[in-house]
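[1] I'll drop the sequence and a predicted model, then ask my questions.
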Amino acid sequence: MEWKHREYTISTNKQYLDREVIYEFLHGQAYWSNNIPKDIVMKSIENTDLVFGVYQGDLPGSHEQIGFARVITDSATFAYLCDVFILPAYRGLGLSKWLVETIVWHPDLHGIRKFMLATKDAHTLYERYGFEAVDNPELILQKVRKIPY
């Protein structure tokens with residue numbers, strides 16, 4: 001699927017992904033995945049059915065990847081939004097809002113019962129699309145490798 005906004009496009013087609021741009025951001029700039037190995041990034045992309053690339057320019061023509069997100073989901077009851085970013089040079093243009101709006105209204109995700117994400121600093125972005133703090137955090141458990149990479 002594709003969505004257009006001015007000179008920008010969001011696409012769920014993996015063939016357009018610039019995996020090097022994704023890796024460089026997740027490895028070197030994202031607080032949640034600092035120093036993540038390249039093979040792990042590539043495996044995460046390949047094993048996620050629903051990815052969203054944000055591009056400046058024309059698809060399939062001349063384009064540059066400027067953002068990304070992926071959703072881990074069963075497309076029925078649960079979804080987890082992760083690895084969301086817009087490159088720094090393209091922030092402040094409303095692209096993050098457009099990306100999140102596109103994701104939550106995607107036909108495979110619109111009726112999801114529980115849609116989760118984790119963020120350190122973008123609460124106001126996600127709250128405008130219905131995300132809120134967990135009602136009973138004492139019910140949520142996690143298993144985290146403290147130094148995974």
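    Cool, the structure landed. Predicted model only: the values in this text are computed from it and were never measured.
[2] Residue ranges in the chain under the pLDDT threshold?
    The chain contains no residues with pLDDT under 70.
[3] Quick one: the helices in it, in order.
    Assigned by DSSP state H, the chain shows helices spanning 19-28, 38-46, 95-104, 123-127.
[4] In terms of secondary structure, what does the last one contact?
    Helix 123-127 is packed against helix 95-104, with contacts defined by 3 or more C-beta pairs under 8 Å, 6 or more residues apart in numbering; DSSP states H and E. Where C-beta positions appear, they are placed from N, C-alpha and C, glycine not excepted.
[5] in the helix it packs on, what's buried?
    For helix 95-104, a neighbour-count test (16 or more other C-beta atoms under 10 Å) marks 95-96, 98-100, 102-104 as buried.
[6] Geometric centre of this structure: which residue is closest?
    Ala69 (1.7 Å; C-alpha atoms, centre = their mean).
[7] residues contacting that residue?
    By C-beta atoms under 8 Å, 6 or more residues apart in numbering, Ala69 lies in contact with 51-52, 81-85, 99-100, 103.
[8] what do you get for Asp58?
    Here Asp58 is in contact with Thr9 (C-beta under 8 Å, 6+ apart).
[9] measure it to Ser11 for me?
    11 Å (C-beta to C-beta, to the nearest Å).
[10] Ser75 and Asp108 touch, don't they?
    Yes - under the criterion of C-beta atoms under 8 Å, Ser75 makes contact with Asp108 at 4.6 Å.
[11] and for the two, which residues touch both?
    With C-beta under 8 Å, 6+ apart, Ser75 and Asp108 have common neighbours Leu50.
[12] ok, the strand ranked longest in the chain: who's next to it in the sheet?
    As assigned by DSSP state E, the longest strand anywhere in the chain is strand 63-73. Applying DSSP bridges, strand 63-73 is found paired with strand 50-57 (antiparallel), strand 78-86 (antiparallel).
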